[in-house]
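# Fold the following.
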Amino acid sequence: MKVFKLSEWHYATGKRKNAVAKVWLRPGEGNIIINDQPMKDYLNRMVLEMIILHPLELVKRHGTFDVIARVEGGGKSGQAGAVRLGIARALVKFEPVLRGVLKSAGYLSRDAREKERKKYGHKRARKSFQYSKR
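Below you'll find the model as predicted:
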């Protein structure tokens with residue numbers, strides 16, 4: 001891996017469900033690397049790749065930035081959402097003019113939904129055991 005000047009990189013953190021993504025963005029050729037693997041190899045699903053690329057396509061910067069992301073926790077879907085938020089925040093740090101476009105599209109707000117805890121006497125958070133009168 002090449003070593004770059006820190007001034008070239010723009011850092012942001014994204015979160016979704018239990019996933020946390022540390023994202024570094026810099027002008028480049030459009031390479032997206034997640035946990036030291038190319039995006040296609042890491043995610044294995046087209047839908048998740050589209051989720052990650054939405055902010056870049058919205059501001060017409062697809063293929064002009066290199067993205068490196070370190071993701072921990074959660075599943076692949078939550079991790080993709082976390083990387084998307086990180087990319088959007090890093091784009092705003094790089095070009096503050098893009099804030100309005102990304103905010104109106106909803107890419108700068110964190111999806112706050114979390115898994116609900118299991119309750120006593122239930123199978124899961126809300127599902128109960130089958131009731132039988134006799």
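# Check the residue of the chain most remote from its centre and give its pLDDT.
Distance from the C-alpha centroid of the chain, by Cα atoms, centre = their mean, peaks at R134 (50.3 Å). Model confidence at R134, given as pLDDT, is 79.
# just V3 next, same as before
Looking at V3, its pLDDT reads 53.
# next one: S7
Value listed for S7 in the pLDDT field: 63.
# Okay, buried residues for whichever helix in the chain runs longest please.
Longest helix in the chain by number of residues (criterion: DSSP state H): helix 76-94. Using 16 or more other Cβ atoms under 10 Å as the test for burial, helix 76-94 gives 77-92, 94. (Each C-beta comes from the backbone N, C-alpha and C, glycine too.)
# Of all the residues in the one helix or strand A12 maps to, which ones are buried?
Taking DSSP states H and E as the definition, one finds A12 inside strand 10-16. By neighbour count with 16+ other Cβ under 10 Å, strand 10-16 contains the buried residues H10, A12, G14, K15, R16.
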